[in-house]
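**Student:** sequence unavailable; structure follows:
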């Protein structure tokens, strides 16, 4: 029998690095624990925000195992497992499904551009067949501005028809309200869960049958985002959404991943958090000061985060 | 002491797959031998045309070792080793350099888009430092329409200053004559070799100090391309270029990689060559007939290739 579906607010967890740029499993687990304490529905480790594609498959497998060893419940995990190479996607997916992950968030192969929909279908179909595990729950990952590979409704419908138990949902990171709405109109209530890829569309999504959101800023502002998820039918919902939007816009005025890491470094007092792997570059000192100033003006805090340091 | 630089016409060798889509080292080595017999200067295995990013690093390492075991001289190899993850690029580069590869053709990390030039610099610098082998000769791989990451002259100059022996050249697959000319104006004669990424620009490149070309169609039309390289100062050069252009344009009217594989399948009589990994899709039966018709009208042949089957 399938375990309970992950819903709510998911954070694509940022990946801390040691000075030699090796992944730091200890800080990673500590941050995951804090996020769960803040009420997130799940942890979408190994996403775009996690710099997952800057890690080898082996590094991702080690980090996953370190989280389990640290006591993070696998039923709360939705690791990103879509790689450029079919064989890498299969290997990583098999590992996390065997480890009990509730689902996987799967990019299409992202090296080639302008590939036919048939080729993207075959990629997902091969993965389902090769993983061959009834527990597999795939959340398709639509992020055209990065992957440059589309996941249109026609493809989703074909995948659901072929693999009704394995195809569980989608993260729509297009940022386009019309695309989110088209997905919700097509799939809300069918058991195929639609998550917008940003809290900017959380309320809009929930009002039309969305399952929550999977959002980068969930790394630093999880409590407030969860509060809206829990209270979206109340009279305060629009005001809560406006509050989330202000924090999000402050952060995304900078390169998003370095800005999130700088924010965590500042709030924990632990500079190690600011490290990124190439090709990303950490915020400059002046950008850090600017960002801190804007967040302070919004009374932004990360409750309980100092205990992590 | 550094070995002789690879120059001339290089083929980014297509990768054959067995029915279960595992890489087929035997057919791969046979094709490499045929290409060398046709006079190519080198074999740019693991390129875009090779579907290299659809293979795991382990699969690439096994294929490389199989080529050496089959007697392909490593001094003729320029494997693609630039991955999305720094640690993958380092591991694969180390392996092929230790195996004696004359050079490596290195993509920038290609998952993130709009990354700062500083981040791309750090990627290459980290790889040079971590590989830490005096034999390392990196050819930068500029293919913005696929990687979406630019390799501008400012970045190249900075890399050459920092690592004068390790930074050996560039493949310019932009297809833009102005970009090729700017690279040649900046670097021809300096020891930094500039290869256009298509034979369409072979003669133009050679007339301004180019080192040859690294071209997908080198997989099927190597003899004629080598003939122009060997005779570019003759009166026939423009006519030879026009002949190459006609074959190239016939093939690139179709999706390039499946079209090359279909052509090799037809000329060898070995259908196995037509297989591609997702997300690519092989040519349809009617596309195959169309392509064959156009190539026949051009009297296109692959001399000696039937012996491969």
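**Tutor:** Yes, it's here. Computed from a predicted structure; not experimentally measured. Residues are numbered from 1 along each chain as shown, chains lettered A, B, ... in the order given.

**Student:** wait, what's in contact with residue A:102?
**Tutor:** Residue A:102 makes contact with A:3, A:4, A:5, A:6, A:42, A:74, A:75, A:76, A:77, A:78, A:137, according to Cβ atoms under 8 Å, 6 or more residues apart in numbering or on different chains. Any C-beta I mention is one placed from the backbone N, CA and C, and that applies to glycine too.

**Student:** next: residue A:258.
**Tutor:** So residue A:258 contacts A:274, A:276, A:280, A:281, A:282, A:283 (Cβ under 8 Å, 6+ apart).

**Student:** can we see that at 10 Å?
**Tutor:** A:14, A:274-276, A:280-284, A:287-288, A:291, B:116, B:119 (Cβ atoms under 10 Å, 6 or more residues apart in numbering or on different chains).

**Student:** ok, now residue A:197?
**Tutor:** Taking Cβ under 10 Å, 6+ apart, one finds A:12, A:44, A:47-49, A:141-143, A:170-175, A:180, A:213-216 in contact with residue A:197.

**Student:** phi and psi next, for the spatially closest residue to it that is not a sequence neighbour.
**Tutor:** Distances taken as Cβ to Cβ, 6 or more residues apart in numbering or on different chains put residue A:173 closest to residue A:197, at 3.0 Å, once the chain neighbours are dropped. Note on residue A:173: backbone dihedrals following degrees, to the nearest 10 are phi -100, psi 20.

**Student:** pretty sure residue A:173 is touching residue A:142, no?
**Tutor:** Yes - assessed by Cβ atoms under 10 Å, residue A:173 is found in contact with residue A:142 at 6.2 Å.

**Student:** joint contacts of those two?
**Tutor:** Residues touching both residue A:173 and residue A:142 (Cβ under 10 Å, 6+ apart): A:179, A:197.

**Student:** just to revisit the earlier point, emit the ChimeraX select command for whichever of the contacts of residue A:197 are buried.
**Tutor:** Of the contacts of residue A:197, the buried ones go into a single ChimeraX selection, burial set by 16 or more other Cβ atoms under 10 Å in any protein chain shown:
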select /A:12,44,47,48,49,141,142,143,170,171,172,173,174,180,213,214,215,216
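
**Student:** restricted to strands, list the contacts of residue A:197.
**Tutor:** Counted as lying in strands by DSSP state E, out of the contacts of residue A:197, are A:141, A:142, A:170, A:171, A:172, A:213, A:214.

**Student:** what secondary structure does the nearest residue to the last one once chain neighbours are set aside sit in?
**Tutor:** Computed as Cβ to Cβ, 6+ apart, the closest residue to residue A:214 that is not its neighbour in sequence is residue A:10, at 4.2 Å. At residue A:10 the chain is in strand, as set by DSSP: H, G, I helix; E, B strand; the rest coil.

**Student:** tell me the spacing between residue A:10 and residue B:57.
**Tutor:** Per Cβ to Cβ, to the nearest Å, residue A:10 is found 29 Å from residue B:57.

**Student:** follow-up on the earlier one: now flag whichever of the ones in strands among the contacts of residue A:197 is closest to chain B.
**Tutor:** residue A:141 (12.2 Å; Cβ to the nearest Cβ).

**Student:** could you find the closest non-adjacent residue to the closest one?
**Tutor:** Once flanking residues are discounted, residue A:141 sits nearest to residue A:107: 4.7 Å by Cβ to Cβ, 6+ apart.

**Student:** next, count neighbours for the one you found.
**Tutor:** As a burial measure, residue A:107 scores 27 neighbours (other Cβ atoms under 10 Å in any protein chain shown).

**Student:** which residues does it contact?
**Tutor:** Residue A:107 is in contact with A:46-48, A:52-53, A:80-84, A:89, A:123, A:140-143, A:146-147, A:149, A:151, A:171, B:111, counting by Cβ under 10 Å, 6+ apart.

**Student:** I figured residue A:273 was touching residue A:259, is that so?
**Tutor:** No - the criterion here is Cβ under 10 Å, and residue A:273 misses it with residue A:259 at 11.7 Å.

**Student:** where does the prediction get shaky in the stretch 201-309 of chain A?
**Tutor:** Applying pLDDT under 70 to the stretch 201-309 of chain A flags the ranges A:307-309.
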